[in-house]
Structure formats: structure tokens, C-alpha cells
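Visitor: Please work out how this folds:
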Amino acid sequence: MSAWKTDTSLTSVDDLHGTLPGGPSKYHNPKLKHVEEEVLEHYKAFARFCNYECLEDPHSGKRFWDLDDMTIFDLMGLTNRPNFRPHYDKVTLYLKDAQIEFKDLEIVAVSETFAYATSLERYWGKAADGNDFDLIFRITSLMQKTSEGWQYVHEHYSFSVDLATKLADLSSGIAVDEGLALKK
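Guide: The predicted structure is shown next:
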């Protein structure tokens, strides 16, 4: 796996491709590389928001999502459109004192205005109730280019789960072979 990256180390799509385990997907269209670079700028801005802006101005992060047409299956469950706006307010205010990093980020442009990305994401900090948190999860994000710029329109988060115990590993450290059996 590649190293954890944040706003200053997410340098270019070529750099991301060079560190992907197994190499980049065959679905990259060289004619859309400029779109993938635009989406990478979105990720850099999102990392800056999470790491430097969110604590003081959590509402400014709303620009990263299409708040009225967003569906998310995140750590707390499924939120269907048009209910993302109150979900954002609740979750972001609770987890606003946080840091974020990405590993194995791959951005694939499907068109001039639509792209998806996959990565491991590490999100850690101190919740509003004083509890520390440190989460590592797999995330797939779908993004649409709107009049506001690139915005998330769907996200899906997942953790490794031990099928026998039905317990999720919030650090995503369970290997596939370890969690596969339904009974131990």
C-alpha cells in the first residue's frame, strides 16, 4: 500500500497512479486526465477543510456536497436524499475537531462532469463529547461537476467485519482470510 496522503502530499494523478497497489484501473481515459486532476484539487481542498478549517467553520464544508441530492451510506447508516443537509450538520458538528488522510486514492473520470474515487480514509480526532476517535475505512465516492464545482453526490463507507463475531474493525485491520468464516 502507498503512504497516507493529505492536502500537501496529494500532488498529481500520475503520482497517485504510481503508488496504487496493482496499478491504476484500466478504465482511465487519457483524454479525461485533466478532469481527474480537477477532482484531485477537490480532494486537496477537502483535506484542507477537514484539517484546518472545520474546527472554526464547520458549515463552510457544505460546499463539497450537493446537499439536496446526496445519498450516503456512512459510519452511522444510510441517509437518502433529500436528508443529507441535517445529517451533515449533526455529524460535522460532532466530529469537527478532526484530521483526515487518504491512502490508495484512485480517481477515475467517467465524463467531463462525472467521476468516482476509491480510497482508504483515516479520520481521527476528538468528538464534541470529548471522546477520541480514530477510524480507518474504505470509501467510494461519486462526484458531479456542478455550478458550485466538484461535489459529492454519493458516498459509501465500509469497514472490515469478522463474519463470525459480527464485529466491525474500526481500524480496517482484519485481513480477508481472518474475517471470512461464519463460524470459528
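
Visitor: if I look at the spatially closest residue to K103 that is not a sequence neighbour, how far off is H156?
Guide: The spatially closest residue to K103, leaving aside those adjacent along the chain, is L120, at 4.2 Å (C-beta to C-beta, 6 or more residues apart in numbering). Any C-beta I mention is one placed from the backbone N, CA and C, and that applies to glycine too. Distance of L120 to H156, given as C-beta to C-beta, to the nearest Å: 13 Å.

Visitor: So for these two, which residues contact both of them?
Guide: I139 (C-beta atoms under 8 Å, 6 or more residues apart in numbering).

Visitor: residues contacting W124?
Guide: Per C-beta under 8 Å, 6+ apart, neighbours of W124: A98, Q99, D132, F133, D134, L135.

Visitor: where's it, which helix or strand?
Guide: Per DSSP states H and E, W124 falls inside strand 114-126.

Visitor: What's the biggest strand in this structure, counting residues?
Guide: strand 132-146 (DSSP state E).

Visitor: Show me what counts as buried in the helix or strand just after that strand.
Guide: Sequence-wise, the next helix or strand downstream of strand 132-146 (DSSP H and E) is strand 149-158. The neighbour-count check on strand 149-158 (16 or more other C-beta atoms under 10 Å) flags W150, Q151, Y152, V153, H154, E155, H156, Y157 as buried.

Visitor: Alright, I will stop here.
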